[in-house]
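Participant: following is a predicted model, sequence given first.
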Amino acid sequence: MGNADADHPVRAGRLPSWVINLFLIVLVAIAWPLSRLFDSQIDPYFLDLIIRIGIAIILAVSLNLINGITGQFSLGHAGFMAMGAYTCGVIAKHHAITGGASVPFFLGVTLLSGVVGALAGLLIGIPTLRLRGDYLAIATLGFGEIIYVVLTKIRSIGGCEVGGAAGLHDIPTFTNFFWVFAWGMICIVFIWRLVYSAKGKAFYAIREDEIAAAAMGVDTTFYKVTAFVIGAFFAGVAGALAATWSGNLAPGSFRFMRSVEIVVMVVLGGSGSITGSILAAAVLTWLPEQLRAVEQWRMVIYSLLLIVMMLVRPEGLLGRRELWWTRRRAIPRATATVAPP
Amino acid sequence: MALLEIVNLSVTFGGLRALCGFDFTLDAGDLAALIGPNGAGKTTAFNVVTGVYHPTAGDVRLQGRSIVGRKPFRINRLGIARTFQNIRLFAGLTVLDNVLVGFNRSPGAGFLGTVIGTPRHAREELVHQSAAMTLLETFGLDQRADDRAGALPYGDQRRLEIARALATRPRILLLDEPAAGMNPQEKVELMELIHLIQRRFGVGIWLIEHDMHLVMSIAQRITVLDHGEVIAVGAPAEIQCNPKVIEAYLGEPLTTSG
């Protein structure tokens, strides 16, 4: 019996999770010396591409939780990213004048940026998640534009430079391959484990039918806000990484188009597929660079590719499936029946 | 004290009286039916009990405690589960995942434990999955656990909806037209299934159904609604020969003169 059209085959983990956790920690640890090597050995243009792909992956996977998995169409992801980027940028620049850079400092600042993003998500999510579909999209779009306008008006906060319309420049560049890799791993593992647990089915249930989900005892408001807050947290972190990679922030780069770019990644990869988002984020960051050879036609070809893709595979690259799910593993049967309380 | 007690319930939508002075009680192990012509207010009664609508007047009590004004998910957690007239499965999810959603509220490792992957969380996942599979076996759906719910045949979808409702471990199960669209063979199987649920899960069952053969053969007690008002309550045999019921369904008898 095939399960070609099944969404989530049962995955009774073959390996105990501590083994996987250990493996992930080792992987992240290896990234540290690797990052040093990359800084000195790799072509800066190529490294820049890798870092931007990493940041795009964090953005796409975190938006996928909101848009693809929970089904709440948000166009505010660039806004949450901006919150994190400016939090990190302002603090890092101020700190660079008063003190030196250190690993715990940077970890703290990226975490704080994520928390600021998450708080914005909470604040925006509670009122707007009562809305559905197009209305939610417009409300979150409005939030993104408000952030942009506010950022162009603020020159400084409490003696710390923010930059206003001119943007914030000369931010110390802490970000390297290690930080992007580590945060990318945390983002993917966090969201993956969350949504593919029994509890996490609630996110998908809300996407499929909110009324039925509520009738099944799912606290739909709680889950929607949770998806929004977690998504916004990682968008904030991605913003922090972007700010301390390029060293420059311009309010204009966090407008509507940025949100749309991330939405395109989620849709192209397959709404609800985490590996799909990773794939699409990589391809859609890499592709425009490859097309630089045909400079004038670059965006034309890029747009055409998107159109063709959507015509050929409207469900996205991977649809709702993940990259490596082909068949289900055996499930142990319990002897006891489900008894009422 | 009855398990479920509905007292003098009224619901109005603008000027329309959907329900008026509705009284009803249900105990564990009961099998009651709610019948009536289209638009009589049957589904409205279910929607009020499950918190989708708020009553204009009256009270709904579960073990003596009022549940009026509570959100639908709270009411489900208090022990009332339902199916829908127009099937509302999570069509894109697998059959198994549909049932797993029902285990959502069980206390567990929490978000952090889930994300870190604690052994407790791993154990729980297995317990949930095997419990869900056992439930599917009871409904003869275990072979289709990996299929997309939306791809199941109609009768299977109806049964899956009941299985999914039972996964939330209710004390009361509300079935909104469970036999709608079923063929005679599927209806016979459904009757057996409802008896099985009654025996094995000990829940109180309240169903809305238009198939009179099915209602008359399984219900212990029938309530008949017409234009939002109860016109008859009683055992199937009493309902069958109640003139008011016949009138509601067939219209007034013609008066033959001369």
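Facilitator: Arrived safely.

Participant: need the pLDDT of residue 196.
Facilitator: Went with chain A since none was named. At A:Tyr196, the model reports a pLDDT of 86.

Participant: can you look at chain B instead?
Facilitator: At B:Leu196, pLDDT is 91.

Participant: what does A:Ala4 give?
Facilitator: 36.

Participant: A:Pro9 too?
Facilitator: 44.

Participant: got it, and A:Thr337?
Facilitator: 43.

Participant: which residue, other than its chain neighbours, is closest to A:Leu323?
Facilitator: Leaving aside its sequence neighbours, A:Leu323 sits nearest to A:Thr275 (CB to CB, 6 or more residues apart in numbering or on different chains; 3.9 Å). For glycine as for every other residue, the C-beta is placed from the backbone atoms N, C-alpha and C.

Participant: ok, whichever residue of chain A sits closest to chain B to B:Gly14 distance?
Facilitator: Per CB to the nearest CB, A:Ser17 is where chain A lies closest to chain B, at 3.0 Å. In this view, A:Ser17 and B:Gly14 are 55 Å apart by CB to CB, to the nearest Å.

Participant: between those two, who's got more neighbours?
Facilitator: Just comparing A:Ser17 and B:Gly14: by other CB atoms under 10 Å in any protein chain shown the higher neighbour count belongs to A:Ser17, 15 against 5.

Participant: could you list the low-pLDDT ranges of the stretch 51-200 of chain B?
Facilitator: For the stretch 51-200 of chain B, applying pLDDT under 70 flags the ranges B:106-109.

Participant: dihedrals phi and psi, the closest residue to chain A within it?
Facilitator: Using CB to the nearest CB, the single residue of the stretch 51-200 of chain B nearest to chain A is B:Gly117, 3.0 Å away. When quoted as degrees, to the nearest 10, the phi and psi of B:Gly117 stand at phi 80, psi 50.

Participant: how many neighbours does it have?
Facilitator: 22.

Participant: and what of the one 4 residues further on?
Facilitator: The number of residues packed around B:His121, counting by other CB under 10 Å, is 21.

Participant: what residues does the stretch 151-300 of chain A have near chain B?
Facilitator: A:189-190, A:193-194, A:197-202, A:204-205, A:207-209, A:211-220, A:226 (CB under 8 Å from any CB of the partner chain).

Participant: please name the nearest non-neighbouring residue to residue 235.
Facilitator: Reading this off chain A. That would be A:Phe80: by CB to CB, 6+ apart, it lies 3.8 Å from A:Ala235.

Participant: please refer instead to chain B.
Facilitator: Per CB to CB, 6+ apart, closest to B:Ala235 is B:Arg221, 6.5 Å.

Participant: what does the pLDDT read for that neighbour?
Facilitator: For B:Arg221, pLDDT reads 94.

Participant: ok, now A:Met1?
Facilitator: Reported pLDDT for A:Met1: 35.

Participant: what's near enough to touch the residue of the stretch 51-200 of chain B closest to chain A?
Facilitator: A:Ser17, A:Trp18, A:Ile20, A:Asn21, A:Arg193 (CB atoms under 8 Å, 6 or more residues apart in numbering or on different chains).

Participant: let's see 7 Å
Facilitator: B:Gly117 makes contact with A:Ser17, A:Ile20, A:Asn21, A:Arg193, according to CB atoms under 7 Å, 6 or more residues apart in numbering or on different chains.

Participant: now the buried members of those residues.
Facilitator: If you count burial by 16 or more other CB atoms under 10 Å in any protein chain shown, the buried members of those come out as A:Arg193.

Participant: any idea which of the contacts of B:Gly117 is least confident?
Facilitator: A:Ser17 (78).

Participant: ok, and the closest non-adjacent residue to it?
Facilitator: Closest to A:Ser17 by CB to CB, 6+ apart is B:Gly117, at 3.0 Å.

Participant: then B:Glu125?
Facilitator: A:Ala198 (5.7 Å).

Participant: can you classify the one you found by secondary structure?
Facilitator: Three-state assignment for A:Ala198 (DSSP: H, G, I helix; E, B strand; the rest coil): coil.

Participant: which residues of the stretch 151-300 of chain A fall in strands?
Facilitator: Secondary structure of the stretch 151-300 of chain A (DSSP state E, counting those that start in this stretch): strands located at A:156-157, A:160-161.

Participant: can you list contacts of the first one?
Facilitator: Right, strand A:156-157. So strand A:156-157 is contacted by A:Val90, A:Val162 (CB under 7 Å, 6+ apart).

Participant: sheet partners, orientation included, of it?
Facilitator: The strands that strand A:156-157 pairs with in its sheet are strand A:160-161 (antiparallel) (by DSSP bridges).

Participant: so how far is A:Leu317 from the residue nearest to A:Leu323?
Facilitator: 9 Å.

Participant: do the same with A:Ser62
Facilitator: 18 Å.

Participant: the two: which is more packed in?
Facilitator: Set A:Ser62 next to A:Leu317 and count neighbours by other CB under 10 Å: A:Ser62 wins out with 31 against 19.

Participant: from A:Leu122, how far out is the more buried one?
Facilitator: A:Ser62 is 15 Å from A:Leu122, by CB to CB.

Participant: and for B:Leu4?
Facilitator: Relative to A:Leu122, and taking CB to CB, B:Leu4 is found at 37 Å.

Participant: out of those two, which sits in the busier spot?
Facilitator: Neighbour totals were compared for B:Leu4 and A:Leu122, and B:Leu4 leads with 24 against 15 (other CB under 10 Å).

Participant: counting neighbours, what do you get for the closest residue to the more buried one other than its chain neighbours?
Facilitator: Leaving aside its sequence neighbours, B:Leu4 sits nearest to B:Leu26 (CB to CB, 6+ apart; 4.2 Å). B:Leu26 has 23 neighbours, counted by other CB under 10 Å.
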